[in-house]
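Peer 1: Provide a 3D model corresponding to the input given below.
(chains A and B)
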Amino acid sequence: MSYTQGEYPIISKQNLAKNMYDYVISAKEIADLASPGQFVHIRVKGFSLRRPISICEINRELGTIRIVFEIRGEGTKEIAKLNEGELIDVMGPLGKGFTMLDPSQKIIVVGGGIGVPPMYEVARHYGENATAIIGFRSANAVILNGDFQQAGAKLMLCTDDGTMGAKGFVTAALKHRLLEGSADMIYACGPHMMLKGVVELAKEYHIPCEVSLEERMGCGVGACLVCACRTVKNGEEYLAHVCKDGPVFRAEDVIL
Amino acid sequence: MADLRVTVAGVEFKNPIIPASGAFGFGREYECLYPLSKLGGISCKGTTLNGQNGNPPPRIAETPSGMLNSVGLQNPGIDHFIEKELPYLKTQDTVIIANVAGHTVEDCMEIARRLEPTGVDMIELNISCPNVKQGGAAFGTSCAAAENITAAVRSCTTKPLMVKLSPNVTSITDIAKAVEAAGADAVSLINTLLGMRIDIKTRRPILKNNVGGMSGPAVFPIALRMVWQVANAVSVPVVGMGGVSNYQDAVEMMLAGATAIQMGAAIFADPWAPVKTIEGLNRYLDEQKIEKVTDLIGQVQPW
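Peer 2: Okay, here's the model as predicted:
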């Protein structure tokens, strides 16, 4: 594994939706090493534990990484206080990212809520060969829809209450998309129930699928073993670790 | 440059700072940040006879100035440690401490036997894990049980034997004296303090194990007090730990009577914490014109 840790300048900060922040961080060493689906571990002043946040975009030419996160508690609230020009303490890139195929392959990314940001860098890789199915609670929580379109992806936007895009869950949209034609890979990140639904559909349509998981985390590098998740290894249940064995797992390896 | 060398149970450490068991895996996870040879030693992840999965997640909860964990000794087993991890660790030019945890006295004896022909520099017998149902802290909360398991493991190993003590006891000095009498060459303390957090919306404990071990800066004053008491009660060296985050804490621990220091939770916030502590310790000694770090040990002047 290869990662670094340091204090890096925030070069842009945006408030994308209520409690939803978007930072571009100038961190060349991290951008050089990062791949889609990996995460960074952010130190929070006054707190004992870092906060893991997925990487939303990697720009090797500019030497930047972009993170989009939601205020979920006191720690992320503190991170959201940082402003443009200030330094942010980042460890990364961490974890195992998504398996990337040739950009000419047809793929589907499925993201739910705060699970949407890590799907963006994946979609960018495939451009117009990507279908991006992204879902949110309501119109006021929608983020990154313009970014996916700009990347060339075919966008299927869903909201639970129908205030924007199609009404309903991303799994319904995925089913719809699969009826139109197959895909070479499905990538997913989002709530537990969503992942379960996506994995079932991938299985039904015999499409390889990778999911990105979340768990309360400690060290972020595989040393402390707190972020356990249920997987299957050699036919037996094994508690793998989201930070090092994941966050991305093959659908057939996880017990959701 | 001050002389940072310390000796614990006949084993020389190039400096007194050691990442604590459970906080540093088997070292590999940090090698890309700095050479492990900078460290005084590494106390490896607690290892049982056979591999085990540990407790269900969530296994961590943040607390004011600290954290709770309920990992439950997930580890790949002693044979994996000896075959896959130890050869790598032995090339890192630092003292390697194997942390031994067992569900039974016989388990611990067998692990010690398997470690006997290996290059492990020291055994740390964990009689204080709060997160396992069998064994663990049960060995460390009564003098008779602590003495019994220490004597049993002592009979199976010629390696320096350090016993890691639980703070979840009425008198940690009595336990320390019991393991000293049973042949321990050193004691390390404190393991985590048993704690709990509850989610007020779901009314569920945050940890799936309900309770877990507390560590981090919040426990430092308790750890320091216990190190001081134990250092005054036994004649074997004391390795101090519990909430040590920086060189100032390390100096306090040594003044209280610790010969070496282990660091755990601090590494999660800052993976460089052990290295910064070593550098800070050296600067402090130079500024104070103290030639040897050992001159600090037990030098607190109590009122």
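
Peer 1: CA atoms for contacts and neighbours, from now on please.
Peer 2: Noted.

Peer 1: so how far is B:Lys84 from the residue lying farthest from the centre of chain B?
Peer 2: Centroid-distance maximum for chain B: B:Lys201 at 35.2 Å, with CA atoms, centre = their mean. The spacing between B:Lys201 and B:Lys84, counted by CA to CA, to the nearest Å, is 44 Å.

Peer 1: Over to B:Gln248?
Peer 2: 36 Å.

Peer 1: And the helices in the stretch 51-200 of chain B, which stretches?
Peer 2: B:78-80, B:86-89, B:105-115, B:143-154, B:172-181 (DSSP state H, counting those that start in this stretch).

Peer 1: where in chain A is pLDDT low?
Peer 2: Across chain A, nothing is flagged by pLDDT under 70.

Peer 1: Taking it, what residue is nearest to chain B?
Peer 2: Chain A approaches chain B most closely through A:Ala223 (4.1 Å), counting by CA to the nearest CA.

Peer 1: Ramachandran angles for the residue farthest from the centre of chain B?
Peer 2: Main-chain torsions, B:Lys201, degrees, to the nearest 10: phi -80, psi -50.

Peer 1: on that earlier part again, what's around the nearest residue to the residue of chain A closest to chain B once chain neighbours are set aside, how many residues?
Peer 2: In space, A:Ala223 comes closest to B:Gly25 once its chain neighbours are excluded; the distance is 4.1 Å by CA to CA, 6 or more residues apart in numbering or on different chains. Look at B:Gly25: counted by other CA atoms under 10 Å in any protein chain shown, it has 23 neighbours.

Peer 1: Repeat that for the one 4 residues further on.
Peer 2: Residue neighbour count, defined by other CA under 10 Å, stands at 19 for B:Glu29.

Peer 1: What of the one 10 residues further on?
Peer 2: Per other CA under 10 Å, the neighbour tally for B:Leu39 reads 22.

Peer 1: do you know how far it is from chain A?
Peer 2: 16 Å (CA to the nearest CA, to the nearest Å).

Peer 1: so who does that residue touch?
Peer 2: B:14-15, B:17-19, B:94, B:274-275 (CA atoms under 8 Å, 6 or more residues apart in numbering or on different chains).

Peer 1: Also A:Ile55?
Peer 2: A:36-40, A:65-68, A:117-118, A:121.

Peer 1: Around chain A, which positions in the stretch 201-303 of chain B sit nearby?
Peer 2: Neighbours of chain A within the stretch 201-303 of chain B, by CA under 8 Å from any CA of the partner chain: B:216, B:265-269.

Peer 1: Could I have the CA atoms of the longest strand along chain A written out in PDB?
Peer 2: Longest strand in chain A by number of residues (criterion: DSSP state E): strand A:4-17. Provided in PDB are the C-alpha atoms of strand A:4-17 (Å, rounded to 0.1, in the frame of the first residue of the first chain):
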ATOM      1  CA  THR A   4       0.900   9.900   2.300                       C
ATOM      2  CA  GLN A   5      -0.200  12.300   5.000                       C
ATOM      3  CA  GLY A   6       0.100  16.000   5.200                       C
ATOM      4  CA  GLU A   7      -1.600  19.400   5.400                       C
ATOM      5  CA  TYR A   8      -2.800  20.600   2.000                       C
ATOM      6  CA  PRO A   9      -4.500  23.800   0.900                       C
ATOM      7  CA  ILE A  10      -8.200  23.900   0.100                       C
ATOM      8  CA  ILE A  11      -8.300  25.800  -3.200                       C
ATOM      9  CA  SER A  12     -12.100  25.900  -3.600                       C
ATOM     10  CA  LYS A  13     -15.100  25.400  -1.300                       C
ATOM     11  CA  GLN A  14     -18.700  25.200  -2.400                       C
ATOM     12  CA  ASN A  15     -21.900  24.500  -0.600                       C
ATOM     13  CA  LEU A  16     -23.700  22.100  -3.000                       C
ATOM     14  CA  ALA A  17     -26.900  21.600  -1.000                       C
END
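
Peer 1: could you say what helices and strands that strand packs with?
Peer 2: Counting contacts by 3 or more CA pairs under 8 Å, 6 or more residues apart in numbering or on different chains; DSSP states H and E, strand A:4-17 is packed against strand A:20-26, strand A:87-94.

Peer 1: so what strands line up beside it?
Peer 2: strand A:20-26 (antiparallel), strand A:87-94 (antiparallel) (DSSP bridges).

Peer 1: From A:Lys244, how far off is the closest residue to chain A within chain B?
Peer 2: Here the residue of chain B nearest chain A is B:Gly25; by CA to the nearest CA that distance is 4.1 Å. Going from B:Gly25 to A:Lys244 by CA to CA gives 12 Å.

Peer 1: Break down the stretch 51-200 of chain A into its strands, ranges please.
Peer 2: A:51-59, A:64-70, A:87-94, A:107-112, A:130-136, A:154-159, A:166-167, A:185-189 (DSSP state E, counting those that start in this stretch).

Peer 1: Which pLDDT value goes with the closest residue to B:Leu296 other than its chain neighbours?
Peer 2: Spatial nearest neighbour of B:Leu296, chain neighbours left out: B:Leu255 (5.3 Å); criterion: CA to CA, 6+ apart. Note on B:Leu255: pLDDT of 98.

Peer 1: From A:Glu204, how far out is B:Leu255?
Peer 2: 66 Å.

Peer 1: ok, back up a step: winner for burial among the strands of the stretch 51-200 of chain A?
Peer 2: strand A:130-136 (a mean of 29; mean count of other CA atoms under 10 Å in any protein chain shown).

Peer 1: Can I get that strand in PDB, CA atoms only?
Peer 2: Coordinates of each C-alpha in strand A:130-136 appear next as PDB, following Å, rounded to 0.1, in the frame of the first residue of the first chain:
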ATOM      1  CA  ALA A 130     -21.400   5.300 -18.600                       C
ATOM      2  CA  THR A 131     -24.900   5.400 -17.400                       C
ATOM      3  CA  ALA A 132     -25.200   7.200 -14.100                       C
ATOM      4  CA  ILE A 133     -28.200   6.300 -11.900                       C
ATOM      5  CA  ILE A 134     -28.200   8.600  -9.000                       C
ATOM      6  CA  GLY A 135     -30.900   9.000  -6.300                       C
ATOM      7  CA  PHE A 136     -31.700  11.400  -3.500                       C
END
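
Peer 1: Hey, what's the angle from it to strand A:154-159? Just curious.
Peer 2: Counting by axes from the mean of the first three to the mean of the last three CA atoms, to 10 degrees, strand A:130-136 lies at 10 degrees to strand A:154-159.

Peer 1: Can you list the strands that strand A:130-136 pairs with?
Peer 2: strand A:107-112 (parallel), strand A:154-159 (parallel).

Peer 1: In a markdown table: those strands, plus distance to B:Thr259.
Peer 2: Below are the strands paired with strand A:130-136 laid out as a markdown table (distance: least, CA to CA, whole Å):
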| stretch | distance to B:Thr259 |
| --- | --- |
| strand A:107-112 | 52 |
| strand A:154-159 | 61 |
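
Peer 1: if we compare those strands, which one ends up closest to B:Asn69?
Peer 2: strand A:107-112 (29.2 Å; CA to CA).

Peer 1: what's in contact with that closest one?
Peer 2: Outside of strand A:107-112, the residues within contact range by CA under 8 Å, 6+ apart are A:116-117, A:119, A:122-123, A:126, A:129-136, A:170, A:174, A:183-191, A:194, A:198.
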